[in-house]
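Participant: Below are the sequence and a predicted model; questions follow.
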Amino acid sequence: MGTTTPRLSAAEVKGLFEKLSNWGRWGKDDERGALNFITLQKRAAAGRLVQRGETVSMALPLATTSGPDNPTPVTHVMLYSGPGLAAALDYFAIAPHGMAFTHLDALCHVFWERKMYNGFSSSEVGRWGTRKCGIDVARDGIVSRGVLLDIARLKNVEWMELGERVFPEDLDAAERAHRVRVEEGDVLLVRTGRMARQKKLGAWDSRNEGMAGLDPSCLPWLHERRIAVLGCDGVSDVLPTGYGNELIFPIHVGMLVAMGVHLIDNADLDALGAACARLGRYEFMFTMLPLILERGTASPVNPVAIF
């Protein structure tokens, strides 16, 4: 599928960060960002989407072995186990960011010109964690209408190629194909087929070898739809971005810093894509409960779709 969207210059992408900003939209002290789009009415409407009671997880298993995409695997050890004991106890530690774990980025995760969402200074984050926009702003969970746009299925491929870009017209075409429209307060999930590729060919060093994802030209589209959360089976950003060190993760900056939209990275959307195709439904009730890690910049998550 070709694109009619012109390639944006680095200066044009930087201009979008200011043009699409949600700073001050919910007050100068707001730390929740686009989660404010999820109203009580939005949650109640999401609940009415449940018809079958069928659930689908979107989380990868916590990876305890290192690999090209996982230099810091989960540490998992047994503290108390063995024959004849009355119980077993274990311990695990995780560095949730990166390319291997399904996780939710807090709004303090990324900075632009030494600022995070709503203009808070990057100096609010230090060895103590963060004093602003921590992951615990979502302590009550994220429950809303979820929408999957399966771009790999749209293109009739098992997976998009490394470095292949999703453009606004792809999002429009997926809406038409799936007979769904992304609306205010939705959790939008974009499938590129990354996990299907990984399951067949194995993991790879996506930072250096590339990964399919959204082109920065999608930022105005995402802002216009007023989504609450963006998730992807990659990291939302296409890699390489094509802007060198000048703009390493423009989707992350545009969503987290400018718009205040939390990001779900490394979701496994294969089972969800299959369920949506089988049921002929690309909307569902979305539920996700991040860990309440006060002052944290991320949390491992297990997002679940309920049909």
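Facilitator: Yep, it's here.
Participant: how about the helices of the stretch 151-300 of the chain, start to end?
Facilitator: With helices called from DSSP state H, counting those that start in this stretch, the stretch 151-300 of the chain shows them at 151-154, 168-178, 194-201, 206-209, 219-225, 250-252, 270-279.
Participant: Figure out which of the ones you listed is closest to S122.
Facilitator: When these are compared by Cβ to Cβ, helix 250-252 sits nearest S122, at 14.2 Å. For every residue, glycine as well, the C-beta is placed using N, CA and C.
Participant: other SSEs contacting the closest one?
Facilitator: The helices and strands touching helix 250-252, judged by 3 or more Cβ pairs under 8 Å, 6 or more residues apart in numbering; DSSP states H and E, number zero.
Participant: what about it, distance to the chain center?
Facilitator: 11 Å (Cα atoms, centre = their mean, to the nearest Å).
Participant: cool, and stretch 258-272?
Facilitator: For stretch 258-272, the distance to the chain centre is 2 Å (Cα atoms, centre = their mean).
Participant: Identify each buried residue in it, please.
Facilitator: Under the neighbour-count criterion of 16 or more other Cβ atoms under 10 Å, stretch 258-272 has 258-270, 272 buried.
Participant: Render the CA-only coordinates of that stretch in PDB, please.
Facilitator: C-alpha atoms of stretch 258-272 as PDB (Å, rounded to 0.1, in the frame of the first residue of the first chain):
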ATOM      1  CA  ALA A 258       3.200  16.600  24.200                       C
ATOM      2  CA  MET A 259      -0.200  14.900  24.400                       C
ATOM      3  CA  GLY A 260       0.100  13.100  27.800                       C
ATOM      4  CA  VAL A 261      -0.800   9.700  26.300                       C
ATOM      5  CA  HIS A 262       0.500   6.700  28.100                       C
ATOM      6  CA  LEU A 263       2.100   4.100  25.900                       C
ATOM      7  CA  ILE A 264       2.000   0.300  26.000                       C
ATOM      8  CA  ASP A 265       5.100  -1.200  24.500                       C
ATOM      9  CA  ASN A 266       5.700  -4.800  23.300                       C
ATOM     10  CA  ALA A 267       2.100  -6.000  23.500                       C
ATOM     11  CA  ASP A 268       1.500  -9.500  22.000                       C
ATOM     12  CA  LEU A 269      -1.500  -8.700  19.700                       C
ATOM     13  CA  ASP A 270      -1.500 -11.900  17.700                       C
ATOM     14  CA  ALA A 271      -4.200 -13.700  19.800                       C
ATOM     15  CA  LEU A 272      -6.200 -10.500  19.900                       C
END
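Participant: Before I go, just wanted to say thanks for your time.
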